[in-house]
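*Asks:* kindly generate the corresponding structure for this input.
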Amino acid sequence: MNTSSHPISEPQTSWADDWWGPDGSYATLHHINPIRLSFIKKRANLSGSRVLDIGCGGGILTEALAHAGAQVTGVDTSPDAIRVAEAHACNQGLSISYQVGEATALLPDQYQSFDVVTCFEMLEHVPDPCSIIQNTAELVRPGGTVFVSTINRTLRAWLFAIVAAEHVLKLTPRGLHRYDWFRTPGEIESWAGQAGLTLRDRRGLLYLPLLHTAFLTGDLSVNYLLHFEST
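*Replies:* Model prediction:
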């Protein structure tokens, strides 16, 4: 059962298919979701934990976290994406709280109240990622865990995430990414440190589009995941 703070309105079928269909624009997120969830589960206990998914979109990771036993809140600035997420969660019988808006809208009522905060595939789409990192630090409890994933600002990332993914293989919509908005691990780690988060682990993510699968690697030159702890 969905526990959204506003009524569910059925999304347009095209929007729902785009998020959850096997051939939709977000199919790649479905392919990499198992490795993202595995990265989280090996570093945090999700069962019974309060988890916040910032930039949840249509709820792909959010639902996986709920299936793992977490009490999940998903927040996104797109009303259309939230409508899709709400409707799909309701159809799956999942109790997920979805909210439209910025993560800052959860403050001060939920200051330091989440055990785990995730922010995946989102920082490369915003002009001020430093403020998002600050939000994660304010919303996670002391001793809690923050997970971040994004795209590195390297020539290899430009070739893979923009040239190959958008123009050659057409895995993602053209114009989805801006190279100047890609963030290096050093930048994210610096902002996290200033916000009171301590780096615990970092891994690269290698996606094999022809096999529809992904692996964790030591190469952070394209996609990467970071694990922080609140101090």
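*Asks:* contacting residues around the most centrally placed residue in the chain?
*Replies:* In the chain, the centroid-proximal residue (Cα atoms, centre = their mean) is residue 120; its distance is 2.4 Å. Residues in contact with residue 120 (Cβ atoms under 8 Å, 6 or more residues apart in numbering) are 36, 53, 55, 61, 147, 148, 149, 225. Placement of C-beta: from N, CA and C, glycine included.
*Asks:* cool, and residue 139?
*Replies:* By Cβ under 8 Å, 6+ apart, the contact set of residue 139 is 52, 103, 106, 107, 110, 111, 112, 113, 114, 117.
*Asks:* from residue 189, how far off is the residue sitting furthest away from the middle of the chain?
*Replies:* The C-alpha centroid of the chain is most remote from residue 168, which lies 24.8 Å away (Cα atoms, centre = their mean). Distance, residue 168 to residue 189, by Cβ to Cβ, to the nearest Å: 31 Å.
*Asks:* and what of residue 104?
*Replies:* Going from residue 104 to residue 189 by Cβ to Cβ gives 22 Å.
*Asks:* quick one, helices of the protein?
*Replies:* 13-20, 27-41, 60-67, 79-92, 129-139, 155-157, 185-194 (DSSP state H).
*Asks:* which one of the ones you listed lies closest to residue 209?
*Replies:* Closest approach to residue 209 among the helices of the chain (Cβ to Cβ): helix 27-41, 7.4 Å.
*Asks:* what lies in contact with that closest one?
*Replies:* Identification of contacts with helix 27-41 by Cβ under 8 Å, 6+ apart yields 21-22, 46, 57, 60-61, 64-65, 68, 116, 118, 120-121, 147, 149, 165, 171-172, 203, 205, 207, 209, 212-216, 225, 227.
*Asks:* can I get that helix in PDB, CA atoms only?
*Replies:* Extracted in PDB, the C-alpha atoms of helix 27-41 (Å, rounded to 0.1, in the frame of the first residue of the first chain):
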ATOM      1  CA  ALA A  27      16.200   0.200 -19.200                       C
ATOM      2  CA  THR A  28      19.900   0.800 -18.400                       C
ATOM      3  CA  LEU A  29      18.900   1.600 -14.800                       C
ATOM      4  CA  HIS A  30      17.100  -1.700 -14.500                       C
ATOM      5  CA  HIS A  31      20.200  -3.500 -15.800                       C
ATOM      6  CA  ILE A  32      22.500  -1.900 -13.300                       C
ATOM      7  CA  ASN A  33      20.100  -1.900 -10.400                       C
ATOM      8  CA  PRO A  34      21.100  -5.300  -9.000                       C
ATOM      9  CA  ILE A  35      24.700  -4.300  -8.600                       C
ATOM     10  CA  ARG A  36      23.700  -1.000  -7.100                       C
ATOM     11  CA  LEU A  37      21.600  -2.800  -4.500                       C
ATOM     12  CA  SER A  38      24.300  -5.300  -3.800                       C
ATOM     13  CA  PHE A  39      26.800  -2.400  -3.200                       C
ATOM     14  CA  ILE A  40      24.400  -1.000  -0.600                       C
ATOM     15  CA  LYS A  41      23.400  -4.300   1.100                       C
END
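*Asks:* now do stretch 83-98: distance to the chain's middle.
*Replies:* Centroid displacement of stretch 83-98 relative to its chain, using Cα atoms, centre = their mean, to the nearest Å, is 17 Å.
*Asks:* quick one: average pLDDT of that stretch?
*Replies:* For stretch 83-98, mean pLDDT is 96.
*Asks:* that concludes my questions; thank you for your assistance.
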